[in-house]
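> I'd like to go over a predicted model; first the sequence, then the structure.
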Amino acid sequence: MSIQENLQRIERQLISTPSRLIAVTKTKPVEALREAYQAGCQRFGENKVQEMAEKHAQLPHDVEWHLIGHLQTNKVKSIASFVHLIHSVDSLRLLQEIDRQAAKHQRVVDCLIQIHIAREETKFGLSEAEAEELLRSSALPALPNVRVVGLMGMATYTDDQEQIRGEFRGLKAFFEKLKNQIGSPNVVLRELSMGMSNDYPIAVEEGSTLIRVGSAIFGAR
């Protein structure tokens, strides 16, 4: 199937759900991104800052760029002028640097806190307790150029669908708990980023608002 056909198939699955599709374009050539853009896709997700910055310069400016990979503080300046949403925030120090760089461009950058929900140690993210501590930190309201708009999580890579469902369901429950308890001027929890090519149908059923799909659109790397 073509990129366009794959996009249309996935978009049909999202009708009547709150989920929106982010096409994960890491390692894909700019020609493939242009093909997806011409098929109506305007949300692209990249893992690496340098690759995202290079592609941003070559594509139309109405593309929404989502940084979904681990972000180092020294790389923030390269994307602060244009990034739409950073999915992978895992420290107050990183939020402070995003705030500092966003201020230079007179922008407010939206961010998600990454929560570690998988059983794999290799994945990044905060525990629920660490995330709650960060969101309640007195330092957070002092960052006017960042806005925390939700949470992101990556489920365990497994064929056990009930385990995946349980991990997504747990993240959704934590998200709802925080929504009712956190009262900070720059925390507005509305996005739940969960689900990738291998598990996005489950994520959609469990309340994801953003799914990050690459190989199911562009084919395996």
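Here it is on my side, so go on.
> sec struct for the residue nearest to the spatial centre of the chain, please.
Nearest to the centroid of the C-alpha atoms of the chain, with distances taken as Cα atoms, centre = their mean, sits residue 87, at 3.4 Å. Residue 87 falls in the strand class when you classify it by DSSP: H, G, I helix; E, B strand; the rest coil.
> what sits against it?
Residues counted as contacts of residue 87 (Cβ atoms under 8 Å, 6 or more residues apart in numbering) are 45, 66-68, 112, 114, 152, 193, 210, 212. No exception for glycine: its C-beta is placed from N, CA and C like everyone else's.
> repeat that for 7 Å
Applying Cβ atoms under 7 Å, 6 or more residues apart in numbering to residue 87 gives the contacts 66-68, 112, 114, 152, 193.
> kindly report the same for residue 192.
Counted by Cβ under 7 Å, 6+ apart, residue 192 has contacts 150-151, 172, 175, 207-209.
> in the one helix or strand it maps to, what's buried?
For residue 192, the element it lies in under DSSP states H and E is strand 187-194. With burial defined by 16 or more other Cβ atoms under 10 Å, the residues of strand 187-194 counted as buried are 187, 189, 191-194.
> mean confidence for it?
The pLDDT scores in strand 187-194 average 97.
> so which residues of this protein form helices?
Along the chain, counting by DSSP state H, helices occupy 3-14, 30-38, 49-56, 92-104, 128-135, 161-181, 200-205, 215-218.
> what's next to the last one, contact-wise?
Outside of helix 215-218, the residues within contact range by Cβ under 7 Å, 6+ apart are 3, 6-7, 10, 23, 28, 32, 36, 197, 221.
> next: the third one.
For helix 49-56, contacts defined as Cβ under 7 Å, 6+ apart pick out 25-26, 30, 33, 46, 65, 67, 75, 78-79, 82.
> neighbour-wise, which one of the contacts of helix 215-218 leads?
residue 23 (26 neighbours; other Cβ atoms under 10 Å).
> so that one sits right up against residue 46, yeah?
No - using Cβ atoms under 7 Å, residue 23 is not in contact with residue 46; the gap is 10.2 Å.
> so where is this structure shaky, pLDDT-wise?
Counting by pLDDT under 70, the chain contains low-confidence residues at 221.
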